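Chemist: How does the following fold in three dimensions:
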Amino acid sequence: MKIKYCCKNIKNVSKSVYKTMKDEFPEFEHKKKDCLGCCKLCSKQCVAKVGKSGIICAESPDQLYLQLKQLLHGSVEEPLSV
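Modeler: Predicted coordinates:
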């Protein structure tokens, strides 16, 4: 499974999430992308794209981390598509 992070979002708010997830879940592919195509969300929240179409949004880096961790541990079946 691929997890993609917006470079601008990482730079502004979610850098700690990217580093922690990459260290904690090395079996998943973590990629930085110039744009995930969800600029309106990305400019206001922490975001990550899981799989081909699921966007995970959170108001803080801590919340994004928890949501991603739950998803990767199988607690959440599918991410919400926006």
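Chemist: chain center to the longest helix along the chain, what's the gap?
Modeler: Ranked by residue count under DSSP state H, the longest helix found in the chain is helix 61-72. Centroid displacement of helix 61-72 relative to its chain, using C-alpha atoms, centre = their mean, to the nearest Å, is 8 Å.
Chemist: wait, Cys46 sits on Glu59?
Modeler: Yes: at 7.4 Å, Cys46 counts as touching Glu59 under the criterion of C-beta atoms under 8 Å. C-betas here are computed from N, CA, C, even on glycine.
Chemist: For Pro26, see how far away the residue most central in space within the chain is.
Modeler: Against the mean C-alpha coordinate of the chain, by C-alpha atoms, centre = their mean, the closest residue is Ala48 at 2.3 Å. For Ala48, the distance to Pro26 (C-beta to C-beta, to the nearest Å) stands at 16 Å.
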